[in-house]
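Student: need a 3D model of the sequence below.
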Amino acid sequence: MAKTPPRNDSGAGETETQGMPIMVHLTEMRDRLIKSVVALVITTAVAFIFAESIIEFLKQPAGNVDLIAIELTENLGVFFRVSLAGGVIMAMPVLVYQLFAFVAPALTSREKRYVFTILPFVVFMFLAGVAFAYYVAMPPAMGFLLDFLKEQAETQIRISNYLDVVTRLILGVGFIFETPVIIMFMARMGLVTPQWLASKRRWWIVLAFVVAAIVTPTFDPINQSVIAIPLILLLELSILLSRFVYKPRNGQGQAKTKPA
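Tutor: I've put the predicted structure just below:
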């Protein structure tokens, strides 16, 4: 008589995706995408109502500056781009949830609990990055750009160029601030180790300044450092936090154990 295999209640057994046909995964992905698009449409519509107020809010870090439009449809295009950017920021909690809900069936029950525990921190860090970009990074960057060669030429700023720079900076820094949460998740899943992260510190410093050069609208080292230094500090925080949550993948922790 065949013995019944023991149950695995540790959360490290089979996942829900094992044995599921590919059409089930495609259907799940379609449903998650539809929900994400619906959420983005709703939040973009809300941002559309307040688009003029959002534009005035985004102008404040530049001080009392007059923006100009030199194309007939420029203001209309700016209006829709600002609405979309505001919609993305407001829809971020829903978008993040739908992403994690899609990959959840591939995780064990223990991993699912950990993933849904860190969801609020994902949203919080993104909003913290947005606030940092607006209140800390933007004022010196705008001051530098507006005052550069001011005596030689009067700067007239197109509204589309100004808001493209501002939204790119805000969204870019918002995603950069997700670094500790992402690295903590990877450490928890056993994909990276605290020792490996610490060994790549030099490369991360270089990468931080490269990312800062891409995100910031200026080329001066001071404004780039405003972004790069927090990014380096975020890595150090990630290394520290990963020491508390790191969990070796199956087989890694047992490799060093000698048989009795």
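Student: from here on, just use CA atoms for contacts and neighbour counts.
Tutor: Noted.
Student: excluding chain neighbours, what is closest to Val78?
Tutor: With CA to CA, 6 or more residues apart in numbering as the criterion, Val78 has its nearest non-adjacent residue at 5.7 Å, and that residue is Ser160.
Student: quick check, that neighbour in a helix?
Tutor: Yes - per DSSP: H, G, I helix; E, B strand; the rest coil, Ser160 lies within a helix segment.
Student: need the contact list for Phe79.
Tutor: 48, 51-52 (CA atoms under 8 Å, 6 or more residues apart in numbering).
Student: element containing it?
Tutor: helix 74-103 (DSSP states H and E).
Student: before we move on, the earlier item: just the buried residues from the contacts of Phe79, in PyMOL please.
Tutor: Selecting only the buried entries of the contacts of Phe79 in PyMOL, with 16 or more other CA atoms under 10 Å as the criterion:
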select buried, resi 48+51
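Student: now intersect the contacts of Phe79 with the helices, please.
Tutor: Those of these mapping onto helices are 48, 51-52, per DSSP state H.
Student: show me what counts as buried in the helix holding Phe79.
Tutor: Quick answer for helix 74-103 (16+ other CA under 10 Å): 75, 78-95, 97-98, 101-102.
Student: same question, stretch 227-240
Tutor: Quick answer for stretch 227-240 (16+ other CA under 10 Å): 227-228, 230-232, 234-240.
Student: just the ones of those in helices?
Tutor: Per DSSP H, the buried residues of stretch 227-240 map to helices at 227-228, 230-232, 234-240.
Student: in TSV, list the contacts of Phe79 along with pLDDT and distance to Trp204.
Tutor: Listed next are these as TSV, based on pLDDT from 0 to 100; distance: CA to CA, whole Å:
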residue	pLDDT	distance to Trp204
Phe48	92	39
Ala51	91	37
Glu52	90	39
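Student: save the contacts of Phe79 as a markdown table, and put in distance to Ala212 too.
Tutor: Formatted as a markdown table, the contacts of Phe79 follow (distance: CA to CA, whole Å):
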| residue | distance to Ala212 |
| --- | --- |
| Phe48 | 30 |
| Ala51 | 28 |
| Glu52 | 29 |
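Student: can you tell me the closest non-neighbouring residue to the residue most central in space within the chain?
Tutor: Geometric centre of the chain, nearest residue: Phe175, 2.5 Å, by CA atoms, centre = their mean. Take Phe175 and drop its neighbours on the chain: the residue closest to it by CA to CA, 6+ apart is Phe126, 5.9 Å away.
Student: dump the residue contacts of that neighbour.
Tutor: Contacts for Phe126 (CA under 8 Å, 6+ apart) come out as 174-178.
Student: give me phi/psi at Ile157?
Tutor: phi -100, psi 130 (degrees, to the nearest 10).
Student: would you mind naming the residues that bridge with it?
Tutor: Note on Ile157: beta-bridge partners Leu67, judged by DSSP bridges.
Student: now do the buried residues in the one helix or strand the residue nearest to Phe175 maps to.
Tutor: Phe126 is part of helix 109-132 when elements are defined by DSSP H and E. In terms of neighbour count (16+ other CA under 10 Å), helix 109-132 has its buried residues at 109, 111-112, 115, 122-130, 132.
Student: circling back to that earlier point, reformat the contacts of Phe126 as JSON lines; add distance to Leu58.
Tutor: Shown next, in JSON lines, are the contacts of Phe126 (distance: CA to CA, whole Å):
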{"residue": "Gly174", "distance to Leu58": "15"}
{"residue": "Phe175", "distance to Leu58": "19"}
{"residue": "Ile176", "distance to Leu58": "20"}
{"residue": "Phe177", "distance to Leu58": "20"}
{"residue": "Glu178", "distance to Leu58": "22"}
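Student: of the residues you listed, select the buried ones using a PyMOL command.
Tutor: Buried residues among these (16+ other CA under 10 Å), as a PyMOL selection:
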select buried, resi 174+175+176+177+178
